[in-house]
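Trainee: This is a predicted model, with the sequence first.
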Amino acid sequence: MAILLVGSTGTAYAQGGTTKGKVANTPNETLKGQGVSMEGDTLSIKGTPVRLMGIDAPDVGQKCRNRYGHELDCFRIATAVLAGLIKDQEVTCTIAERDRNGQQLGECRVLGVDLGAAMVARGWAFAYRSLSPAYASSEAFAQSRRLGLWAGQVEKPWQWRSRQQREQAR
């Protein structure tokens with residue numbers, strides 16, 4: 001469990017748990033309720049979208065290849081894996097911050113299981129290390145066992161988005 005401490009400048013810092021380092025603009029809000037998987041790294045609780053902080057999963061339209069070279073809709077699979085983790089259980093999200101677009105980012109759990117860590121450990125999301133080092137060991141686990149996206153070929157989502165933007169700009 002992470003504990004958020006607020007310094008004299010109003011900046012929050014997380015201690016303990018899986019959230020590490022400085023957390024800016026912390027709304028310090030907890031959402032609970034039935035969760036619905038929207039993407040491999042985003043869910044909705046009572047109609048409120050929450051992006052799982054520190055991970056990045058394949059985007060709409062992003063394809064990958066399995067170990068045999070067959071093309072897969074890795075966005076659809078990652079979304080289904082998150083849905084399977086949520087099932088019909090109550091989801092509890094601790095909102096850590098809002099991104100530049102106002103979307104809520106947080107750590108979400110089902111029956112005490114960190115959904116971000118579970119997605120990365122299963123290989124259906126990547127640790128977004130430039131934002132948080134929290135899931136690096138989960139990613140190393142998935143990569144060493146060639147789980148999920150690591151079983152074949154896939155472009156990391158942030159690289160795929162950059163390439164899509166370059167191609168559309170032509």
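Mentor: Structure received.
Trainee: What segments of the protein are helices?
Mentor: With DSSP state H as the criterion, the chain has helices at 74-86, 115-121, 136-144, 157-169.
Trainee: Residue 72 contacts residue 62, doesn't it?
Mentor: No - counting by Cβ atoms under 8 Å, residue 72 sits too far from residue 62 to count as a contact (10.0 Å). Any C-beta I mention is one placed from the backbone N, CA and C, and that applies to glycine too.
Trainee: any idea how far residue 109 lies from residue 127?
Mentor: Separation of residue 109 from residue 127 (Cβ to Cβ, to the nearest Å) stands at 18 Å.
Trainee: Which of these two has more residues huddled nearby?
Mentor: When residue 109 and residue 127 are compared for neighbours, residue 127 comes out ahead with 25 against 20, by other Cβ atoms under 10 Å.
Trainee: ok, that one touching residue 136?
Mentor: Yes - between residue 127 and residue 136 there is a contact at 5.2 Å, judged by Cβ under 8 Å.
Trainee: if I look at these two, which residues touch both of them?
Mentor: The contact sets of residue 127 and residue 136 do not overlap (Cβ atoms under 8 Å, 6 or more residues apart in numbering).
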